[in-house]
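Trainee: build the 3D model from these lines:
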Amino acid sequence: MTTSARSMLPSPDERIYAPYKIGALVEVLAEQGIPARDSLRGSGVSADELGNPYALTSVRQYMIVCMNAITLGCNAATPFEVGARLHVSAYGMYGYALLSCLTLRDYFRLAVQYRRLATPPLSIEWAENPDTVVWTFPDMFVTNPSQNLRRFLIEQQFSLHVTHLEDVAGRSCPPLEARFTYPAPEHADLYSGYLACPCLFDQPEFELIYDAALLDHKSQMAHRLTAALVQETCDRLIGSAKSSAGTSGYVYRTLMDHPGEFPSMESVADSLNMTTRTLRRHLEAEGTTYRHIMDDVRCSLAIEYLKTTRMGTMDIAMLLGFSDAASFRKALKRWTGKGPGQLRR
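Mentor: Have a look, this model is predicted:
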């Protein structure tokens, strides 16, 4: 029996991703003596934004920084090193969903299902065969990269997948084999060093192959309630019409991506290079307000916490920014017409 799934690619210019990938690449380049200002040139991302949890970037901006790395003569190991440093914990809700999944089969499934949240420059697929489980990387990128950039992204992607599986499993899980469609480059010895497996070139497809016996292993941090909670949130981040477009979509995604520490309207306006007055005008043009979006996010999270966790009402109230349980109950009644007990049942 064979099962498979493919990820969908986002628009290259959607600014919906925290700058964790750009930050990791800039850090590796800085260690090679390449200043951040050179690494970031032409990307529209400033060095200050790399440390801002509310800054949002696009796949295209990330790919510009990758191209800068190549143009500036970075070390051949750079994409592998970035992939080795980008642990799952850097990926926000997407990372939490992967870490808390119950089995490694769930990890493969969710890595594809929620990949749109991970600044993806290229498409991926996974297939479960009787003896192997295979990551396949179709030659599908969000833009049309040069051959050098294409190879850079593939090298980084393979390294990322090896890192993430080990993070989730909590132990070394070397692939059986890695396959690449292009001829062996001059630095081919780096491939087996970082991927810890035989690497073959001039192959029909890009593939990373594992033993299928891994799939039924329990994840290191498996937790049923947490998994349900964060997977619901990932579903909304991807699928909700509210988060799909426009300024209101940007605000909704930003608030959903920072549960428990909602940014102020001023912070969100700054991340959009707007004044609060301009942000308010944009939202009014789309038929909503910052307060309405905030209430929508808090309501969605409140329902999720009540239905999928055993947290007390006061704990949920504090997570959602209420000063006391009574204020939370009153708001919940206004939003849903029900109290915490009714929603929990």
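
Trainee: find the nearest non-adjacent residue to the residue nearest the centre of the chain, please.
Mentor: Centroid check for the chain by Cα atoms, centre = their mean gives Ala118 as the closest residue, at 2.6 Å. With sequence-adjacent residues excluded and distances taken as Cβ to Cβ, 6 or more residues apart in numbering, Ala118 is closest to Tyr94, at 5.3 Å. (Glycine included, C-beta is placed from N, CA and C.)

Trainee: make sure that neighbour is indeed in a strand.
Mentor: No - under DSSP: H, G, I helix; E, B strand; the rest coil, Tyr94 falls outside any strand and is assigned helix.

Trainee: does the residue nearest to the centre of the chain really touch Ala97, like I thought?
Mentor: No - Ala118 is not in contact with Ala97 according to Cβ atoms under 8 Å; the separation is 10.5 Å.

Trainee: in the stretch 101-250 of the chain, which spans are strands?
Mentor: Counting by DSSP state E, counting those that start in this stretch, the stretch 101-250 of the chain has strands at residues 125-128, 132-136, 177-179, 199-200, 207-211.

Trainee: looking at the ones you listed, which is closest to Leu320?
Mentor: Ranking those by proximity to Leu320 (Cβ to Cβ) places strand 125-128 first, at 35.6 Å.

Trainee: got the angle for the longest helix that the chain contains vs strand 132-136?
Mentor: When the chain is parsed with DSSP state H, its longest helix is helix 147-169. Counting by axes from the mean of the first three to the mean of the last three Cα atoms, to 10 degrees, helix 147-169 lies at 140 degrees to strand 132-136.

Trainee: which among the strands of the stretch 101-250 of the chain is found nearest to Leu343?
Mentor: Counting by Cβ to Cβ, Leu343 lies closest to strand 125-128 out of the strands of the stretch 101-250 of the chain; the figure is 35.9 Å.

Trainee: what strands line up against the closest one, and which way round?
Mentor: strand 3-6 (antiparallel), strand 132-136 (antiparallel) (DSSP bridges).

Trainee: of those strands, which shows the lowest average pLDDT?
Mentor: Mean pLDDT per stretch puts strand 3-6 lowest among these, at a mean of 54.

Trainee: name the next helix or strand downstream of the helix or strand bottoming out on mean pLDDT in the chain, please.
Mentor: Every helix and strand in the chain was compared by mean pLDDT, DSSP states H and E; the lowest is strand 3-6, with a mean of 54. Remark: after strand 3-6, the chain's next helix or strand is helix 20-31, criterion DSSP states H and E.

Trainee: tell me which strands and helices the helix or strand following that following helix is in contact with?
Mentor: Going down the chain from helix 20-31, the next helix or strand is helix 36-39, by DSSP H and E. Judged by 3 or more Cβ pairs under 8 Å, 6 or more residues apart in numbering; DSSP states H and E, the packing partners of helix 36-39 are helix 20-31, helix 59-71.

Trainee: closest one to Glu14 among those helices?
Mentor: Proximity to Glu14 (Cβ to Cβ) singles out helix 59-71 among the helices and strands packed on helix 36-39, at 7.5 Å.

Trainee: what comes up buried for that closest one?
Mentor: Within helix 59-71, the residues that count as buried by 16 or more other Cβ atoms under 10 Å are 59-69.

Trainee: report the contact partners of Gly83.
Mentor: Gly83 sits next to 155-163, 194 when contact means Cβ atoms under 8 Å, 6 or more residues apart in numbering.

Trainee: again but with Met93, I slipped
Mentor: Per Cβ under 8 Å, 6+ apart, neighbours of Met93: 117, 230, 233-234, 237, 256-257.

Trainee: dump these into TSV; add distance to Leu40 as well.
Mentor: Listed next are the contacts of Met93 as TSV, based on distance: Cβ to Cβ, whole Å:
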residue	distance to Leu40
Leu117	23
Val230	31
Thr233	30
Cys234	29
Leu237	26
Met256	27
Asp257	22
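
Trainee: filter those down to the buried ones, ChimeraX style.
Mentor: Here is the ChimeraX command that selects the buried residues among these (16+ other Cβ under 10 Å):
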select :117,230,233,234,237,256,257
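
Trainee: helix or strand: which one has Glu261?
Mentor: Under DSSP H and E, no helix or strand contains Glu261.
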